[in-house]
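Peer 1: Next come a sequence and a model predicted from it.
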Amino acid sequence: MTEEVKRRYHAPQRAEQATARRASLVDAAAKLFAEHGYAATTMPAIADRAGVSLRTAHAAFGTKSRLLRAVWDRALKGDLGEEPMADRPWYLEVLEQPDPHRQLELVARHSRIVKERIGPILKVIRGGAETEPDLAELWELIQSDFRTNQKAIVESLAAKGALRDSLDVERGADILWTLNNPDVWLLLVDRRGWSPAQWEAWFLDAAGNQLIG
């Protein structure tokens with residue numbers, strides 16, 4: 001076997017190992033952030049929990065804040081793929097749904113699924129945003145991206161002629177962004193003890209009444 005053939009043979013294996021190491025680091029970081037918070041969690045502790053060297057951890061993610069973003073991205077999307085939320089099949093299904101009532105049902109269902117997944121790390125980010133610059137920056141990015149995604153849903157309602165006559169797209173986007181906001185989820189589910197199913201039913205009812213009447 002030539003040296004070139006050997007390199008081609010081992011390349012997929014090295015890529016798989018690198019992917020596995022990244023996943024282990026994200027798993028470890030997610031658990032430690034949830035257990036101890038962002039400030040108290042160190043890169044050496046994350047590397048140790050993941051079973052890799054600190055050098056490997058830094059090579060994979062560089063900094064703790066970048067690792068936090070990877071934890072957030074995986075929680076939000078469900079995997080470590082680079083495909084943005086706006087291109088995810090479930091989100092496109094929401095936008096392409098022709099029936100506005102069914103569309104909001106899909107929004108409610110998928111929002112509940114995503115929020116159940118992001119709940120633990122969401123608390124870490126929200127709780128530290130007032131004192132940790134890295135978390136504050138990420139929280140602002142989450143809010144900005146989230147409103148953009150909600151506005152696209154409202155635009156699709158407006159294109160169907162389903163948006164209430166008293167609303168324009170910007171006001172409708174503000175309403176949906178508020179109802180579906182991570183802060184509201186934390187208030188009702190985390191602080192007040194609502195079940196995710198209760199939140200989903202409330203959100204669907206409120207969004208329907210506010211946006212399409």
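Peer 2: Happy to help now that I have it. Numbers count the residues shown, from 1 in each chain.
Peer 1: can you give me the strands in this protein?
Peer 2: Taking DSSP state E as the criterion, the chain carries no strands.
Peer 1: Please go through it and pick out the longest helix.
Peer 2: Longest helix of the chain, by residue count under DSSP state H: helix 3-36.
Peer 1: pLDDT averaged over it, what's the number?
Peer 2: On average, the pLDDT along helix 3-36 is 79.
Peer 1: Tell me how this protein divides into domains.
Peer 2: 1-81, 83-213 (automatic domain parsing).
Peer 1: would you turn these into CSV with mean neighbour count?
Peer 2: Every C-beta, even on glycine, is put in place using the N, C-alpha and C of the backbone. Formatted as CSV, the domains of the chain follow (neighbours: other CB atoms under 10 Å):
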stretch, mean neighbour count
domain 1-81, 16
domain 83-213, 16
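Peer 1: Lowest average pLDDT across these?
Peer 2: domain 1-81 - the lowest mean pLDDT of those, at a mean of 85.
Peer 1: Please report the distance of T42 from S65.
Peer 2: 13 Å (CB to CB, to the nearest Å).
Peer 1: If you could redo that for E105, that was the one I meant.
Peer 2: Counting by CB to CB, the gap from E105 to S65 is 37 Å.
Peer 1: again with I153
Peer 2: In this structure, I153 and S65 are 30 Å apart, going by CB to CB.
Peer 1: same check, this time on A59
Peer 2: 16 Å.
Peer 1: Distance across stretch 155-165, terminal residue to terminal residue?
Peer 2: Using CA to CA, to the nearest Å, one end of stretch 155-165 lies 14 Å from the other.
Peer 1: what sits against the residue nearest the centre of the chain?
Peer 2: Closest residue to the average C-alpha location of the chain: L76 at 2.2 Å, with CA atoms, centre = their mean. Taking CB atoms under 8 Å, 6 or more residues apart in numbering, we find L76 in contact with M85, V114, R117, I118.
Peer 1: Please repeat the previous calculation with a cut-off of 6 Å.
Peer 2: I118 (CB atoms under 6 Å, 6 or more residues apart in numbering).
Peer 1: do Q17 as well
Peer 2: Counted by CB under 6 Å, 6+ apart, Q17 has zero contacts.
Peer 1: All the helices of this protein, in order from the start?
Peer 2: 3-36, 43-50, 54-61, 64-77, 89-96, 100-128, 133-159, 169-179, 182-185, 196-207.
Peer 1: what's the angle between the third one and helix 43-50?
Peer 2: Between helix 54-61 and helix 43-50, the angle comes out at 100 degrees (axes from the mean of the first three to the mean of the last three CA atoms, to 10 degrees).
Peer 1: Helix 54-61 to helix 64-77, inter-axis angle?
Peer 2: 60 degrees.
Peer 1: Give me the contacts around helix 54-61.
Peer 2: For helix 54-61, using CB under 6 Å, 6+ apart, the contacting residues are R22, L25, M43, P44, A47, L67.
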